[in-house]
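1. predicted model, plus sequence, below.
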There are 2 protein chains.
Amino acid sequence: MAYDAIETPYEKVDRILGGAATYIALAASKFNHQCGLVSVIGEDFEDSDLAKLTDLGINADGVEKVKGGKTFFWSGRYHDDMNTRTTLDTQLNVLENFSPKVPEAFQDSEVVVIGNLHPAVQKMALDQLTNANGFTLLDSMNFWMEHFREILDEVIAKVNLISINDEEARILTGEFSLPKAAEKIHAMGPKYVIIKKGEHGAQLYGEGKVFIAPAFPIDQVVDPTGAGDSFAGGLAGFLAQAEEINFETIKQALVVGSVFASFTVEAFGVNAIEAVDGKTLQERILAFRELTNFAWNDKTLSL
Amino acid sequence: MAYDAIETPYEKVDRILGGAATYIALAASKFNHQCGLVSVIGEDFEDSDLAKLTDLGINADGVEKVKGGKTFFWSGRYHDDMNTRTTLDTQLNVLENFSPKVPEAFQDSEVVVIGNLHPAVQKMALDQLTNANGFTLLDSMNFWMEHFREILDEVIAKVNLISINDEEARILTGEFSLPKAAEKIHAMGPKYVIIKKGEHGAQLYGEGKVFIAPAFPIDQVVDPTGAGDSFAGGLAGFLAQAEEINFETIKQALVVGSVFASFTVEAFGVNAIEAVDGKTLQERILAFRELTNFAWNDKTLSL
């Protein structure tokens, strides 16, 4: 959980609610199941910001407030293409010594998202989980891949699904071809691999099958922050309410995640994702279907 | 129609059959309809190469053989990513003074592809068409957009569909956003706009709707030459056998075109596209559907 200062070519904000855990929880909380959050905040964290989460039914018992500590702070500037960004400032603050404590009530969760953090911290959280049939989804990034590969490999070996971008998949495997990269990642542990390609959509690999979905086209991207996190949160939230978790339902979950990401970027910070309700969600999923599905039957082709 | 010399990081060929018209005709000829070709060749053009086309039922009455002339020659080298290439040599030869003569039997064609050439030459061909309800598909490229904009605009105003890549759409309109670029191109004339994004697939805009399809994933790209041309040929060939031409059938046609492009890149030159038959085509279209379609009904979401 974080406070973010964000600049885009059009607007600038100084200190708004952010952080991977915040976006993940907000997206995941939109579905019909219990949703719990494990994170760390400082004394400066506003009660009203925590209420934004708990008001949506998110159990924040796992959010540790460090006395005298300061909340993680990130500041970045998006370039004209809204696709690339420069990090201006990162203050780890309370995140520096974060040792996640998963409340007992959360330990046997059916679906768990391990957010993008130092793999040693990710491992601490994973080690507290007790549900042998639980489904775990991992996020990571190039920095951990380049500098903490050994411990990251241990974490990767334990999870069911990894969700990373194309550049990260290439760094992790040394393969330029994404199908080949996915194959190598399967061999490292995860049965399912999602490779995100930003504006070009995302791909799912697993059970010897592939699924490719575009990004939902947005007229005006306002703030890309949190898109990947709400993708993961929406994906996990959907899976937690699915009857089964298999390639077919993960396909659907990937679409749901993409739709959450598309909402997120339409407003600054968590504003858009906070406001998503069942109707807007359902509508955009059906629009997504129109965008990608095509009719085909035995008579379509005359050769 | 051309002879190509092609280098990839893996292989090199000196002089093989190529050219946009060749790839377009080969792909378009795979469907249940008459297919005619208008182009120009030199005296050096091998009878056996022309037979590759006529043996597939392509009417080559519109292919002019220039006495003492030499066939268009192109030579290029693909880089390691197989996505970018350097042109090493271009010899226009008989193409320099090409004045297309559309045989009377072709003039009222239902579907016409205007291949990528000088827009003044494209206009000469267009002006010979007599079918007011005919459907015309235009290809072009950055060079014509930058240097022959006025005449190109005249051509664009006359066609029903334009098929260009994302960079070209941006050059043509000055818009970075592809939906906005498509909107501007609609205003120039074409009711339907296809924007190709190479390995990231293609988008169709028209009738206020959007369709997005991925590129069919290929394990090993052998030679990307002709991918865009066989895309256009497959697309047009499919439309010529469709009961109606509308957004829904152009969606299907875009998928068929993508599948043709995917075959083309699996072998050098026209080798793969020549060999495509109904069974392999149908199989890959169904695989394409698996790749992009997902199930969804009223009960999928529990909020």
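-> Right, received. Where do you want to start?

2. wait, doesn't residue A:43 sit right on residue A:65?
-> Yes. Using CB atoms under 8 Å, residue A:43 makes contact with residue A:65 at a distance of 6.8 Å. No exception for glycine: its C-beta is placed from N, CA and C like everyone else's.

3. ok so residue A:60 is a helix residue?
-> No. Per DSSP: H, G, I helix; E, B strand; the rest coil, residue A:60 lies outside any helix segment and is strand.

4. what's the neighbour count on it?
-> Counted with other CB atoms under 10 Å in any protein chain shown, residues neighbouring residue A:60 total 18.

5. ok, it to residue A:122 distance?
-> Taking CB to CB, to the nearest Å as the measure, residue A:60 and residue A:122 are separated by 20 Å.

6. go on, residue A:58?
-> When distance is defined by CB to CB, residue A:58 is 20 Å away from residue A:122.

7. quick one, which of those two is more surrounded?
-> Regarding residue A:58 and residue A:122, a neighbour count based on other CB under 10 Å identifies residue A:122 as having more, with 26 against 20.

8. and the more buried one, backbone torsions?
-> With angles defined as degrees, to the nearest 10, residue A:122 sits at phi -60, psi -40.

9. which residues of the stretch 151-300 of chain A score low on pLDDT?
-> Confidence mapping of the stretch 151-300 of chain A against pLDDT under 70 gives zero matching residues.

10. quick check: residues of it near chain B?
-> Contact residues, the stretch 151-300 of chain A versus chain B (CB under 8 Å from any CB of the partner chain): A:176-179, A:197, A:200-201, A:209-214, A:217, A:219, A:238, A:241, A:248, A:251-252, A:255-256, A:278, A:281-282, A:285-286, A:289-296, A:300.

11. redo that, cut-off 7 Å
-> A:176, A:179, A:200, A:210-212, A:214, A:217, A:219, A:241, A:248, A:251-252, A:255, A:278, A:282, A:285, A:289, A:291-296, A:300 (CB under 7 Å from any CB of the partner chain).

12. and the host helix or strand of residue A:49, how far out from the chain middle?
-> Element membership for residue A:49, per DSSP states H and E: helix A:47-54. Between the centre of helix A:47-54 and the centre of its chain there are 20 Å (CA atoms, centre = their mean, to the nearest Å).

13. quick one: the helix or strand where residue A:251 lies to chain centroid distance?
-> Assignment of secondary structure by DSSP H and E places residue A:251 within helix A:247-264. Computed by CA atoms, centre = their mean, the chain-centroid distance of helix A:247-264 equals 11 Å.

14. for it, which positions count as buried?
-> By neighbour count, with 16 or more other CB atoms under 10 Å in any protein chain shown as the criterion, the buried positions of helix A:247-264 are A:247, A:249-264.

15. measure residue A:77 to chain B for me?
-> Here residue A:77 is placed at a distance of 18 Å from chain B (CB to the nearest CB, to the nearest Å).

16. hey, where'd the helices end up in the stretch 201-303 of chain A?
-> Along the stretch 201-303 of chain A, the segments classed as helices by DSSP state H, counting those that start in this stretch run A:227-241, A:247-264, A:271-275, A:278-292.
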